[in-house]
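[1] attaching a predicted model along with its sequence, questions to come.
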Amino acid sequence: MSSKQPAFTQSPYFIHESGKWRIEPGAPAALVKEFKEFMENDEAEELEPVKKLTQEDLNEFLI
């Protein structure tokens with residue numbers, strides 16, 4: 001299990017709410033891309049607490 005936090009968690013656009021991660025609207029495209037790729041990757045399951053997003057949730061972040 002990896003304990004390394006993804007770089008996007010240091011962004012002011014990153015929001016961690018009770019087991020759910022999200023990116024605020026207006027975040028730079030590169031940050032949104034990094035977040036989306038991470039959440040689609042199995043690595044997201046290794047961190048607690050992270051709720052993997054559904055495709056519908058991910059579509060919300062597409063620019």
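    Yep, that arrived.

[2] how about E34, what does it touch?
    Shown here is E34, whose contacts under the criterion CB atoms under 8 Å, 6 or more residues apart in numbering are P6, A7, F8. Where you see a C-beta, it was placed from the backbone N, CA and C, and this is true even at glycine.

[3] I meant to write E24 there.
    E24 is in contact with Y13, F14, I15, counting by CB under 8 Å, 6+ apart.

[4] quick check: PyMOL command selecting the buried ones in the contacts of E34.
    Only the buried entries of the contacts of E34 go into this PyMOL selection, using 16 or more other CB atoms under 10 Å:
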select buried, resi 6+8
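
[5] dump the contacts of E34 into CSV; add secondary structure and distance to E40 as well.
    Rendered in CSV, the data for those read as follows (DSSP: H, G, I helix; E, B strand; the rest coil; distance: CB to CB, whole Å):
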residue, secondary structure, distance to E40
P6, coil, 12
A7, helix, 16
F8, helix, 13
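
[6] for the contacts of E34, which one is nearest P25?
    F8 (14.9 Å; CB to CB).

[7] surely that closest one and P28 touch.
    No. Look at F8 against P28 with CB atoms under 8 Å: they stay out of range, at 10.2 Å.

[8] export the contacts of E34 to CSV and tack on distance to E37?
    Converted to CSV, the contacts of E34 look like this (distance: CB to CB, whole Å):
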residue, distance to E37
P6, 9
A7, 12
F8, 10
